[in-house]
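Peer 1: Predicted model follows, preceded by the sequence.
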2 protein chains.
Amino acid sequence: MSAEKTDIEESLAFRPKFNEQGLIPVVTVDAASNEVLMVANMNAVALEATLRTSKGTYYSRSRGKLWVKGELSGHEQKLVEVLVDCDQDCLLMKVETKTGQCHVGYRSCFYRRVKKSSPDELEFVAQRMFDPKEVYGESKDGPGKSNGRKQQ
Amino acid sequence: MSAEKTDIEESLAFRPKFNEQGLIPVVTVDAASNEVLMVANMNAVALEATLRTSKGTYYSRSRGKLWVKGELSGHEQKLVEVLVDCDQDCLLMKVETKTGQCHVGYRSCFYRRVKKSSPDELEFVAQRMFDPKEVYGESKDGPGKSNGRKQQ
């Protein structure tokens, strides 16, 4: 194993490895239940803002800018802790939240599972917690268009 | 919201969106505790193999080939279910496992957290479950070199 690899894996220096777009993927989970809520990206500025403000803050590739989760919906995330994986190219963020985190209305973005009997099909495994139209409005542009993919 | 976007989010058709490299990220969690164990990638072949064999199977970018988790270490993953996120560009895989899943020796790859008092530093939050040298051997090539990054 190279010295550099060992250093990244064993070190207590936080050296997040951003990809060629300057981004690092983040898995966000509920701090109490460990339920995976969403997967998104941060750039260095979003990571710094998250750690400084304790509000989950990401980078939107589609809109090309930072977004504070919940800035539109009110469904913000209160930071509990950030963990990093062995090779420091992925983050795990534990948060406290009060309601659904997915812009489609579910607690988690992972509200469908692959059917075992028919792996080309999905089945819902969750109930909606809110109506996206009430939260994001009924503009014909809607959250999917005016605010870009994954605006939440 | 565009018809296409609504269709992807609301549909019961499983249409995983692979990126330009033909890969989709996968968050793998312990089915019982929801603990996030690792984050890796699948290509279409790895996903099909995982669903068919019920053994966690990924695609290694560094080695340019499929790897069945545990094929070297014995630390395999028994599939419980695969979920997909709202825009179908990320998977969540729930698995049963018997021992540590990270090649560094920990249960999870996320064994360090960012220190609140000093966000450039990490602190360990887990204990090693196995000695990587015993599992992967002490060859000077080691798991990090001969088998590529994230060989587990």
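Peer 2: Structure received.
Peer 1: can we go C-alpha only for contacts and neighbour counts from here?
Peer 2: Fine.
Peer 1: how many neighbours does residue A:53 have?
Peer 2: Applying other Cα atoms under 10 Å in any protein chain shown, we find 12 residues neighbouring residue A:53.
Peer 1: Please apply the same query to residue A:99.
Peer 2: The local packing of residue A:99 (other Cα under 10 Å) involves 16 other residues.
Peer 1: Equivalent analysis for the one 10 residues further on, please.
Peer 2: The burial metric for residue A:109, expressed as a neighbour count using other Cα under 10 Å, is 27.
Peer 1: host element of residue A:127?
Peer 2: When elements are assigned from DSSP states H and E, residue A:127 belongs to no helix and no strand.
Peer 1: wait, it sits on residue A:106?
Peer 2: Yes - between residue A:127 and residue A:106 there is a contact at 6.6 Å, judged by Cα atoms under 8 Å.
Peer 1: which of the two has more neighbours?
Peer 2: residue A:106 (21 against 10).
Peer 1: quick one: contacts for the closest residue to that one other than its chain neighbours?
Peer 2: Setting aside the residues directly before and after it, residue A:106 is nearest to residue A:128 in space (Cα to Cα, 6 or more residues apart in numbering or on different chains), at 4.6 Å. For residue A:128, the contact set (Cα atoms under 8 Å, 6 or more residues apart in numbering or on different chains) comprises A:105-107.
Peer 1: any idea how far residue B:4 is from residue A:128?
Peer 2: Computed as Cα to Cα, to the nearest Å, the residue A:128 to residue B:4 distance reads 20 Å.
Peer 1: In chain A, spot the helix with the most residues.
Peer 2: In chain A, with assignment by DSSP state H, the single longest helix is helix A:44-53.
Peer 1: Report the mean per-residue pLDDT for that one.
Peer 2: For helix A:44-53, the mean per-residue pLDDT is 98.
Peer 1: Counting neighbours, what do you get for residue A:60?
Peer 2: Considering only other Cα under 10 Å, residue A:60 is surrounded by 21 other residues.
Peer 1: Now do the helices in chain A.
Peer 2: Ranges of helices in chain A, per DSSP H, are A:3-10, A:44-53, A:132-136.
Peer 1: Export those as TSV, with columns for distance to chain B.
Peer 2: Listed next are the helices of chain A as TSV, based on distance: least, Cα to the nearest Cα, whole Å:
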stretch	distance to chain B
helix A:3-10	7
helix A:44-53	7
helix A:132-136	11
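Peer 1: Can you say which of those is packed in most?
Peer 2: Among the helices of chain A, helix A:44-53 has the highest mean neighbour count (mean count of other Cα atoms under 10 Å in any protein chain shown), at a mean of 17.
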